[in-house]
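Peer 1: Here's a sequence, model it:
(chains A and B)
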Amino acid sequence: MTDQAFQAVIEVEDLVTYYGTRKILDRVNLSIRQGEVMVIMGGSGSGKSTLLRHLLALNKPASGSIRLYGKDIGKYSTRELQTLRKRMGVSFQNGALFNSLNVEDNVAFPLREHTQLDDNTIRIMSRMKLEVVNLAGFEELMPAQLSGGMIKRAALARAIVMDPDMLFFDEPSAGLDPVVSADLDELILKLREAMQVSVVVVTHELDSAFRIADRIIVLDKGKVLIIGTVDEVKNSDNQRVQNLLNRRAEDVEVDPEAYLKRLTENLAGL
Amino acid sequence: MLIRPFIEGVGEKTILAVEEAGYQFLLLMESLYWLCLGPLLNQPVRLHTIAAEMIKIGVLAIPVVLLLSFSNGVMMAIQGIVTLQEFDAESQVVPGIAYSVTREFGVLITAIVVAGRSGSAIAARIGSMQMSQEVDALRVMGIEPVRHLVAPIVLAMLVMMPILTIMADSAALIGGGIYTGIVLKLSLGTFIDRCFDVLVVYDVMQGLSKSLVFGVLIAVVACSNGFSVSGGAEGLGRATTRSVVMSIAMIVVADMLFTFFLSR
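Peer 2: Residues are numbered from 1 along each chain as shown, chains lettered A, B, ... in the order given. Predicted structure coming up:
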């Protein structure tokens, strides 16, 4: 086994997945190393959120494999997967905070479920994480009372409360203003520095991706266009990668016959 | 060739129905698994969530269950007396009310109220959690959504449905007794005494055993509809409505089957 493979915490091999009959991911290969920030980029519908769901073992692949710490996810028993998930922190796109719990209880939730610590210790630990994400003093607020940026930060606090080895972010900057978004990027980097975690970030925000990534994977229509460092991606001569980076619309060649067929398909009386 | 799409449609619907029934059965089995083995695996179903569900499903439903059952008792007394008067047998209204309340209507009204109140609320709650990825969040934290969300509801139903049914039986008998008392000049005490003369434990147990089945039906139908929400707010509304309609339909059909087998 090579050194690089040894350090890989997640390895994806020839992942293929479908929604119904539509192919979403097509032979995706990827490895994420211990302590690196891997950014998954791509336009809307490129399959990046689906890839994240597979990395989190929320979806089952049609074919191919995903290995976590060297073992195929499908081969983990439910109990093993539950134990493994205690080492993973996830911040979902819209936070996914529990609406019935206040901020502090949301952050404390994994500790209450997974540890036997007494309640005061749990509360102190939760407040420490809220301090890290600059949400001290907002413990009593309910999720509905928080702004978009605060929700993302509270979700981040909940994701790191178990001191995970792996952190996953789904669109951390989506819907945030540039300043808050930059703050969140800084926070992700600070956490990586402090906790030596591997970080996987799904985003379509270029600035954010370039700021935080060690390596970037660019997806397009379910296929991997490129995996490389920030510079390698920026200097890629792949036209589609450059289109994405320069926010250029794709030149789509129109086949007049097919176009006419699409317009007149399934019309009454034809 | 209209017959082919029709047969295909029937086949598709049948497969979906079998799939759904299987999923609901699985939800029930998983809930029972967590309720029994959770504490041994260090993943207990939390007492405070069970208590919260009991309050929502049971305690808060008491006033409306009492009101409807009382009215139902009065209604049965009115109809019973009118019908039996034709045979000069109106005094026989007492056993009529006693049997039908304890065997049928107490539990049926309770189940319909709980399905309407809690079935819709549970489907809406789980559905909105599904939509906002809270269910995924539970899963990625290593917390089984069935243990955290479904098992407390199943247990709360199993405890609260029989209690509500007993309350409903009592309210309906009192309602029937009051009306009969006014019309037939029979004291409430005598009415209750005569009820106890004709009733045996089996009659009450028939209602109570049904209440357990109905409670489980409401729980798994509501939860499965909640988990399968898709398509935004409209989907959530659809799942909520479907949950109520489906559980009430299943309750009535199950009740018919129960009555058929238990009254032979």
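Peer 1: State the three-state secondary structure for the residue nearest to residue A:148 when sequence neighbours are not counted.
Peer 2: Nearest non-adjacent residue to residue A:148, counting by CB to CB, 6 or more residues apart in numbering or on different chains: residue A:175, 5.2 Å away. Quick note: C-beta positions are derived from backbone N, CA and C, even for glycine. Counting by DSSP: H, G, I helix; E, B strand; the rest coil, the backbone at residue A:175 sits in coil.
Peer 1: Would you mind listing what in the stretch 151-264 of chain B touches chain A?
Peer 2: Not one residue of the stretch 151-264 of chain B sits near chain A, judged by CB under 8 Å from any CB of the partner chain.
Peer 1: any idea how far the residue nearest to residue A:148 lies from chain B?
Peer 2: Plainly put, residue A:175 is 14 Å away from chain B if you go by CB to the nearest CB, to the nearest Å.
Peer 1: Could you tell me how many residues sit around that residue?
Peer 2: By the measure other CB atoms under 10 Å in any protein chain shown, the count of residues near residue A:175 is 13.
Peer 1: Next: residue B:126.
Peer 2: For residue B:126, the count of nearby residues is 26 (other CB under 10 Å).
Peer 1: Tell me the pLDDT of it.
Peer 2: On pLDDT, residue B:126 comes in at 95.
Peer 1: got it, and residue A:100?
Peer 2: Per-residue pLDDT puts residue A:100 at 90.
Peer 1: Neighbours of it, how many?
Peer 2: As a measure of burial, residue A:100 has 13 neighbours, counting by other CB under 10 Å.
Peer 1: what's the spacing between residue A:79 and residue B:144?
Peer 2: Distance from residue A:79 to residue B:144, counting by CB to CB, to the nearest Å: 10 Å.
Peer 1: So between these two, which is more surrounded?
Peer 2: Regarding residue A:79 and residue B:144, a neighbour count based on other CB under 10 Å identifies residue B:144 as having more, with 18 against 11.
Peer 1: Verify the stated contact: the more buried one with residue A:82.
Peer 2: Yes. With contact defined as CB atoms under 8 Å, residue B:144 reaches residue A:82; the gap is 7.4 Å.
Peer 1: ok, residue A:116 - contacts?
Peer 2: Neighbouring residues of residue A:116 by CB atoms under 8 Å, 6 or more residues apart in numbering or on different chains: there are none.
Peer 1: swap in residue B:204?
Peer 2: Residue B:204 neighbours (CB under 8 Å, 6+ apart): B:102, B:166, B:169.
Peer 1: Neighbours of the closest residue to the first one other than its chain neighbours, how many?
Peer 2: This points to residue B:102. Spatially, and ignoring its direct neighbours in sequence, residue B:102 is nearest to residue B:203 (4.6 Å; CB to CB, 6+ apart). Applying other CB under 10 Å, we find 19 residues neighbouring residue B:203.
Peer 1: Surely residue B:203 is in contact with residue B:106?
Peer 2: No. Between residue B:203 and residue B:106 there is no contact under CB under 8 Å: 10.5 Å.
Peer 1: For the residue of the stretch 151-264 of chain B found nearest chain A, identify the helix or strand it belongs to.
Peer 2: Closest to chain A within the stretch 151-264 of chain B is residue B:230: 11.6 Å, counting by CB to the nearest CB. Residue B:230 is part of no helix or strand when elements are defined by DSSP states H and E.
Peer 1: Over to residue A:202. Which of the three states is it?
Peer 2: Recorded secondary structure, residue A:202: strand (three-state DSSP).
Peer 1: ok, what's across the strand from it?
Peer 2: residue A:40, residue A:170 (DSSP bridges).
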